[in-house]
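Novice: sequence and predicted structure below; questions after.
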Amino acid sequence: MSLLLQGATLRDGARRDVRVEGERIAEVADAGALAAEAADEVLDLAGYVLLPAPAEPHAHLDKAYTAQRLGPAASDLMVAIERWHAYREGLSVEDVAARARAAALDALARGATAIRSHVDVGEGIGLRGAEALVAVRDGLRDLVDLQVVALAYPLAGPEWADNRRLLREAAELGVDLVGGAPHVTGDPAGDLRVALEVAERYGIGVDLHTDERLEPSSGLEDLARRCVDGFAGPATASHCVSLGMRPPDAQAEVAALVARAGLGVVTCPLTNLLLQGRGIATATPRGMTAVGALLDAGALLAAGGDNVQDVFNPIGCGDPLQTAQLMVAAAQLEVDDSYDLVSGAARAVMGLDPVRLEAGGRAELLAVRASSLREALATVTEARVVIHAGRIVARTSVQTEASWTPAGRGSQTDVVEEGAGHG
């Protein structure tokens, strides 16, 4: 069976028909040019913009949907970590798996056909979270591409031998990458060294929480230099907040090093806007990395949603369009550039093939009820169709019931589908 998408609007404004066969796009033609065949499943996408599906390069599915249990959001990052570490001690594999699965499917319904999730490994939680996320990854394999990062810290020093052992056991369990947070430990250089050693031992990459603070920090440069010096696996640095606080010439120098190292960077606007800069009443920092400098240097930069309704962030819903919308406002990027950070760049950071709307391209697609990408990001409507590996995996319709009394007419109620298109 093939899938025929009729009358969709592409990013360039052209209306096209798209035929999908298997996991690939077979044909793209002018709207109305492709006739339905007997084996086609036909989907009318008039009034929808059709996009390469986004990806979520930075999530914490093990923490999702715990905000109601933990009360108000934490006042800053370190307080959030302390409260979460105390709470995670009582978590079961089943509880983590149920919430992680729900959050992954919610993100998928919003268009993220690939997700990278960090999961806590260490004292108090042991391997329970990793066991849950690996099971969720394997159970959802036909619906979404899920990558699991074992997030363990501190790692360096004799007192943290158990954390190092658990990180190695997580790698043996089958996680996809090694994670950590060297900047919040007493020995950042030691934690970086241990994380890279474990990754090299098991032949996997790293994705490290890096410099998630406003104060000066050199974690991004240290990781970039290790990559230049020959770290074998792919490497990602997430957050990199302190770079945004440095002078322009320093930003440019570090960004050039990051680009030369082939190091991916993931900025997480929603949670960093919430947690960074609290208590600074005048010229409050945005708490984001140096987006402009990284892009100008040609570094690989993506944007992620980070936390979903937990002690770090009471809001968030795993929606890449919401993240892209924030990049327009908080990073002052153009609409197209912002969407690229949650689509093509996000997939590149995750080591996934690019998605192009052309014959032979992977059929990882998102249709949003809007007349353009700009309108899709402006409204962030949930009226969407999600296609993964060539088949429809989620479809959401939205209706609005509106009552009003137009001049000269009686009261009436109209029911309209959201996103009719307004140019």
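Specialist: Okay, I see it. Numbers count the residues shown, from 1 in each chain.

Novice: how far out from the middle of the chain is stretch 394-406?
Specialist: Offset of stretch 394-406 from its chain centre (C-alpha atoms, centre = their mean, to the nearest Å): 29 Å.

Novice: and that stretch, which residues are buried?
Specialist: For stretch 394-406, the neighbour count (16 or more other C-beta atoms under 10 Å) marks residue 394 as buried. Any C-beta I mention is one placed from the backbone N, CA and C, and that applies to glycine too.

Novice: quick one: mean pLDDT over it.
Specialist: What stretch 394-406 shows for mean pLDDT is 87.

Novice: now do stretch 238-248
Specialist: For stretch 238-248, the mean confidence score works out to 98.

Novice: low-confidence regions, the stretch 251-400 of the chain specifically.
Specialist: Filtered on pLDDT under 70, the stretch 251-400 of the chain yields no residues whatsoever.

Novice: quick one: the strands in it, in order.
Specialist: Secondary structure of the stretch 251-400 of the chain (DSSP state E, counting those that start in this stretch): strands at 264-267, 300-303, 365-368, 384-388, 391-396, 399-404.

Novice: nearest to residue 62, of those?
Specialist: In terms of C-beta to C-beta, the element of these nearest to residue 62 is strand 264-267, at 17.6 Å.

Novice: which of the residues in the closest one are buried?
Specialist: 264, 265, 266, 267.

Novice: ok, now stretch 87-105?
Specialist: 87-88, 91, 93, 96-97, 99-105.

Novice: how about these in CSV, adding distance to residue 339 and pLDDT?
Specialist: CSV is the format used below for those (distance: C-beta to C-beta, whole Å; pLDDT from 0 to 100):
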residue, distance to residue 339, pLDDT
87, 35, 96
88, 34, 97
91, 35, 97
93, 36, 98
96, 31, 98
97, 31, 98
99, 28, 98
100, 26, 98
101, 27, 98
102, 26, 98
103, 22, 98
104, 21, 98
105, 22, 98
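
Novice: for stretch 336-352, measure first residue to last.
Specialist: The first and last residues of stretch 336-352 sit 20 Å apart, counting by C-alpha to C-alpha, to the nearest Å.

Novice: please disregard the earlier target; I meant stretch 18-29.
Specialist: 7 Å.

Novice: over to stretch 347-354?
Specialist: 7 Å.

Novice: picking that back up, got the buried residues of strand 264-267 as JSON lines, with distance to residue 158 columns?
Specialist: Below are the buried residues of strand 264-267 laid out as JSON lines (distance: C-beta to C-beta, whole Å):
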{"residue": "264", "distance to residue 158": "32"}
{"residue": "265", "distance to residue 158": "32"}
{"residue": "266", "distance to residue 158": "32"}
{"residue": "267", "distance to residue 158": "35"}
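
Novice: list just the nearest of the residues you listed to residue 304.
Specialist: residue 266 (4.9 Å).

Novice: what's near enough to touch that closest one?
Specialist: 57-58, 207, 236-239, 301-304, 346, 349 (C-beta atoms under 8 Å, 6 or more residues apart in numbering).

Novice: possible to save the residues you listed as a markdown table with distance to residue 364 and neighbour count?
Specialist: Formatted as a markdown table, the contacts of residue 266 follow (distance: C-beta to C-beta, whole Å; neighbours: other C-beta atoms under 10 Å):
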| residue | distance to residue 364 | neighbour count |
| --- | --- | --- |
| 57 | 14 | 35 |
| 58 | 19 | 28 |
| 207 | 21 | 29 |
| 236 | 20 | 25 |
| 237 | 25 | 26 |
| 238 | 23 | 27 |
| 239 | 26 | 30 |
| 301 | 20 | 30 |
| 302 | 16 | 28 |
| 303 | 18 | 35 |
| 304 | 17 | 29 |
| 346 | 12 | 29 |
| 349 | 15 | 27 |
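
Novice: residues contacting residue 174?
Specialist: Counted by C-beta under 8 Å, 6+ apart, residue 174 has contacts 134, 148.

Novice: before we move on, back to that, in JSON lines: the strands of the stretch 251-400 of the chain, plus distance to residue 376.
Specialist: Shown next, in JSON lines, are the strands of the stretch 251-400 of the chain (distance: least, C-beta to C-beta, whole Å):
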{"stretch": "strand 264-267", "distance to residue 376": "21"}
{"stretch": "strand 300-303", "distance to residue 376": "16"}
{"stretch": "strand 365-368", "distance to residue 376": "4"}
{"stretch": "strand 384-388", "distance to residue 376": "9"}
{"stretch": "strand 391-396", "distance to residue 376": "13"}
{"stretch": "strand 399-404", "distance to residue 376": "17"}
